[in-house]
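Generate a structure from the sequence data that follows.
(one chain, ligands or ions: 1)
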Amino acid sequence: LYVNASETSAKKIPNTLFGIFFEEINHAGAGGLWAELVSNRGFEAGGPNVPSNIDPWSFIGNESSVIVSTDRSSCFERNKIALRMEVLCGEGSKACPAGGVGIYNPGFWGMNIEQGKAYKLVFYVRSSRPINLSVSLTGSTGLQTLATTSIVASDVSNWTKMEATLQAKGSDAKARLQLTTTRKGVIWFDQVSLMPTDTYKGRGFRNDLFAMLKDLKPGFMRFPGGCFVEGDWLRNAFRWKETIGPWEERPGHFGDVWHYWTDDGLGHFEFLQLAEDLGTAPIWVFNNGVSHNDEVETSSIFPFIQEILDGLEFARGDAHSKWGSVRAALGHPEPFDLKYVAVGNEDCGKKYYLGSYLRFYDAIKRAYPDIKIISNCDGSSKPLDHPADFYDYHIYSSASSVFGTAQKFDKAPRSGPKAFVSEYAVTGDDAGKGSLIAAIAEAGFLIGLEKNCDAVEMASYAPLFVNTNDRTWDPDAIVFDSSKVYGTPSYWMQHFFRESNGATLLDSSLRSNPANSLIASAITWKDADSRKHLRIKVVNFGSNNVTLQISVDGLEVNSLQSSGSTKVVLTSGNPKDENSFQTPNKIVPIKSQLDEVGEEMDVVVSPHSLTSIDLLI
Ligand code: AHR
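Model (predicted):
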């Protein structure tokens, strides 16, 4: 490998080249990053008609002691369903069973309750009689009590908000929340929420999952989908206005592409806040009047354009503007730094896409000339026939095909919009649930993007998260359940590119690559202490050891320092190896010191490996 370190023919890598794509898929948000523990907190998951689906709520007692139903009596206008619980036992009737009767919610396949931690409970209640409720966190069968408190009120004849903090005295990753009573009568419940008080900055983001994202040092965050943005039908698409404001008043919606209900606790405001907390640039993918199965005609698109202009004003308007004032009232008077939007997702070619796209483009550019607009149409082979700042490019394929696409952008247009590779991943048999060989192929692809950073502005892996109880889409970068998390090899592969954002790409070339199984790049970057590093990344997609002769030209004499120079390798014994909850660290980057460094050096790269050689210069 020949590396020209003189920087004469070097390129500046965009600050945004490697980022993340958060989609509400696989319970990434609801039952994932969003720390709400109650699933279907407003009993709305079955839609607005009654009876509605209360799953996963269930009742405690038997049918002669308690009757549970739904009606439309809630005090919340946008989500009218409430749960009606009629207690038949107690006071003159046969006594209630010990512990009482009531309802319970097991959360998203169990709530993670941890000893010593506090959980904030809020719910709304109504009854014509005084209430005496026992609220507890218990093990999955309801037998072991982890935390308990009483809610007593003499007059709840109108809907009344109740709050309590539960202190856990035990731990269980599959716990549930119970609301029970031994008092006869009818009680209505609505909007039952249980939040750990220990979330990232108290914002509601699950700490461990947030940390996984932060660790990637993402240059941008695309959100909230994907197909989630489109919906199978427009009536089920993500509509930002329905996701802001007090959580109790949000209607929630059924994501019909990935087939689950979300209470939309993680809404438009929270996504922008998440990007800000990650220190990254938000990229809002908005619904453009197109779903998988229906479309709004361009002649009728105006309400959709207004919705997006309002959403941009919500994010960026000053605190006196109509929608900026709504944001300010939510505790964020300063505008969010929203500078990128994508008009729809994978919709190029749809009947009304282009006509409507042009209307969105004009309206957005008129109101916000600095906002960069991303088209769904692929401009990698020939220039787009419409104005755009970036074009979207997605690739899901086998390992050899993704590796083989590393050169795709060598010939992409250098004038006009650059590419946003907003979804890439190896899928299918090669990938399983996240294999080494998938990560190695993806690394090769990313090196190709890095080398073409004058034609590619941004790239993100997809999907980011999977709750292991809802594996709608495999593979994914980060796997979790209620209490545990691990990165797949594709997650760790992305760590090798963390320092590339804003770095300098050096000219480098492989002098020999017989089986075309190698690809390499070289960058220089500065760490937080302003120390300069030369990083060479090499992917060996083949199944043989390769001794790579590295020759670095153009360095100042004696500038290479062996102390602090390292080699980091991602590999494993078998290309199909995966991480798991049992062996979360089977395939993770392994770092070692490089004892002998020089302008000429031999480095052995293992089969199916990603190697990073980091030299202090
Ligand atoms: O990443 C999963 C899905 O793949 C996305 O929702 C969609 O954009 C693509 O088809």
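
and the lowest-mean-pLDDT helix or strand in the chain, what other elements does it pack with?
Least confident helix or strand, the chain: strand 561-570 with a mean of 88, by mean pLDDT, DSSP states H and E. The contact analysis (3 or more CB pairs under 8 Å, 6 or more residues apart in numbering; DSSP states H and E) places strand 561-570 against helix 436-451, helix 489-495, strand 590-593, strand 609-616. Using the backbone N, CA and C atoms, a C-beta is placed for each residue, glycine as well.

Could you check how far residue 348 is from the ligand?
For residue 348, the distance to the ligand (CB to the nearest ligand atom, to the nearest Å) stands at 12 Å.

That residue and residue 357, how far apart?
For residue 348, the distance to residue 357 equals 9 Å [CB to CB, to the nearest Å].

okay, these two: which has more neighbours?
With neighbours defined as other CB atoms under 10 Å, residue 348 and residue 357 compare such that residue 357 has more, 26 against 19.

So which residues on the stretch 251-400 of the chain come close to the ligand?
Listed as neighbours of the ligand in the stretch 251-400 of the chain under the rule CB under 6 Å from any ligand atom: 345-346.

Now with 8 Å, please.
257-258, 345-346, 394, 396 (CB under 8 Å from any ligand atom).

wait, which of the residues you listed is closest to residue 374?
Distances from residue 374 to these, taken as CB to CB, are shortest for residue 345 (10.0 Å).

Near that closest one, how many other residues are there?
Using other CB under 10 Å, residue 345 has 25 other residues around it.

try residue 369
Residue 369: 7 surrounding residues under other CB under 10 Å.

Wait, a strand at residue 327?
No: judged by DSSP: H, G, I helix; E, B strand; the rest coil, residue 327 forms no part of a strand; its state is helix.

How much space separates it from the ligand?
Residue 327 sits 27 Å away from the ligand, going by CB to the nearest ligand atom.

before we move on, back to that, name the residues contacting each of residue 348 and residue 357.
Shared contacts of residue 348 and residue 357, defined by CB atoms under 8 Å, 6 or more residues apart in numbering, comprise 375-376.

domain assignment for the chain?
Using automatic domain parsing, the domain parsing of the chain gives 2-13+504-616, 18-35+199-495, 58-196.

which of the ones you listed sits most buried?
Greatest average neighbour count among the domains of the chain goes to domain 18-35+199-495 (a mean of 21), per mean count of other CB atoms under 10 Å.

Quick one: classify residue 309 as helix, strand or coil.
Recorded secondary structure, residue 309: helix (three-state DSSP).

Please report how far the residue nearest to it when sequence neighbours are not counted lies from the ligand.
Leaving aside its sequence neighbours, residue 309 sits nearest to residue 367 (CB to CB, 6 or more residues apart in numbering; 5.8 Å). For residue 367, the distance to the ligand equals 27 Å [CB to the nearest ligand atom].

got the residues of the protein near the ligand?
Proximity of the chain to the ligand is confined to 21, 23, 25, 225-228, 257-258, 345-346, 394, 396, 422-423, 425, 462-463, 473 under the rule CB under 8 Å from any ligand atom.

returning to that earlier point: how far does the least confident helix or strand of the chain sit from the chain's center?
The chain centroid and the centroid of strand 561-570 are separated by 32 Å under CA atoms, centre = their mean, to the nearest Å.

just the angle between that strand and strand 609-616, please?
Comparing the axes of strand 561-570 and strand 609-616 via axes from the mean of the first three to the mean of the last three CA atoms, to 10 degrees yields an angle of 160 degrees.

which residues are contacting strand 561-570?
436, 439-440, 443, 489, 492-493, 496, 531, 587-597, 603, 606, 609-617.

Stretch 372-379 now?
Under the criterion CB under 8 Å, 6+ apart, residues 283, 339-349, 353-354, 357, 360-361, 364-365, 384, 386-393, 412-413, 416-417, 419-420, 422 lie in contact with stretch 372-379.

Restricted to strands, list the residues you listed.
Counted as lying in strands by DSSP state E, out of the contacts of stretch 372-379, are 283, 340-343, 390-393, 419-420, 422.

Would you reformat those residues as JSON lines and include distance to residue 31 and pLDDT?
Listed next are the ones in strands among the contacts of stretch 372-379 as JSON lines, based on distance: CB to CB, whole Å; pLDDT from 0 to 100:
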{"residue": "283", "distance to residue 31": "24", "pLDDT": "99"}
{"residue": "340", "distance to residue 31": "28", "pLDDT": "98"}
{"residue": "341", "distance to residue 31": "27", "pLDDT": "98"}
{"residue": "342", "distance to residue 31": "26", "pLDDT": "98"}
{"residue": "343", "distance to residue 31": "29", "pLDDT": "98"}
{"residue": "390", "distance to residue 31": "32", "pLDDT": "98"}
{"residue": "391", "distance to residue 31": "34", "pLDDT": "98"}
{"residue": "392", "distance to residue 31": "28", "pLDDT": "98"}
{"residue": "393", "distance to residue 31": "30", "pLDDT": "98"}
{"residue": "419", "distance to residue 31": "33", "pLDDT": "98"}
{"residue": "420", "distance to residue 31": "29", "pLDDT": "98"}
{"residue": "422", "distance to residue 31": "24", "pLDDT": "98"}
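
and which of these is nearest the ligand?
Proximity of the ones in strands among the contacts of stretch 372-379 to the ligand (CB to the nearest ligand atom) peaks at residue 422, which lies at 8.0 Å.

can you pull the pLDDT of the residue lying closest to residue 335 once chain neighbours are set aside?
Once flanking residues are discounted, residue 335 sits nearest to residue 316: 4.5 Å by CB to CB, 6+ apart. pLDDT for residue 316: 98.

For residue 316, list the residues it contacts.
Neighbours of residue 316 in contact, by CB under 8 Å, 6+ apart: 324, 335-336, 338, 368.

sorry, back to before: tell me which of the ones in strands among the contacts of stretch 372-379 is nearest to residue 270?
Closest approach to residue 270 among the ones in strands among the contacts of stretch 372-379 (CB to CB): residue 283, at 15.5 Å.

Contacts only, for residue 171.
113-115, 146.

Sorry, wrong one. I was asking about residue 59.
Applying CB under 8 Å, 6+ apart to residue 59 gives the contacts 66, 68, 85, 101-104.

rewinding a little: could you pull up phi and psi at the residue nearest to residue 309?
Dihedral pair for residue 367: phi -80, psi -40, per degrees, to the nearest 10.

Please name the bridge partners of residue 534.
Beta-bridge pairing of residue 534 under DSSP bridges involves residue 524, residue 615.

Look up how far residue 512 lies from it.
From residue 534 over to residue 512 the distance is 22 Å, taken as CB to CB.

How about residue 231?
To residue 512, residue 231 is 51 Å away according to CB to CB.

Please apply the same query to residue 256.
Distance of residue 256 to residue 512, computed by CB to CB: 52 Å.

and what of residue 430?
Taken as CB to CB, the span from residue 430 to residue 512 is 27 Å.

all helices of the stretch 251-400 of the chain, in order?
With DSSP state H, counting those that start in this stretch as the criterion, the stretch 251-400 of the chain has helices at 268-278, 302-316, 322-329, 353-367, 399-404.

which outside residues touch the shortest one?
The one in question is helix 399-404. Contacts for helix 399-404 (CB under 8 Å, 6+ apart): 395, 424-426, 430-431, 437-438, 440-442, 444-445, 519, 539, 541.

what sits against the residue of the chain at minimum distance from the ligand?
Using CB to the nearest ligand atom, residue 226 is the residue of the chain that sits closest to the ligand, at 2.8 Å. Counting by CB under 8 Å, 6+ apart, residue 226 touches 21, 23-25, 285, 345, 423, 462-463.

Thank you, goodbye.
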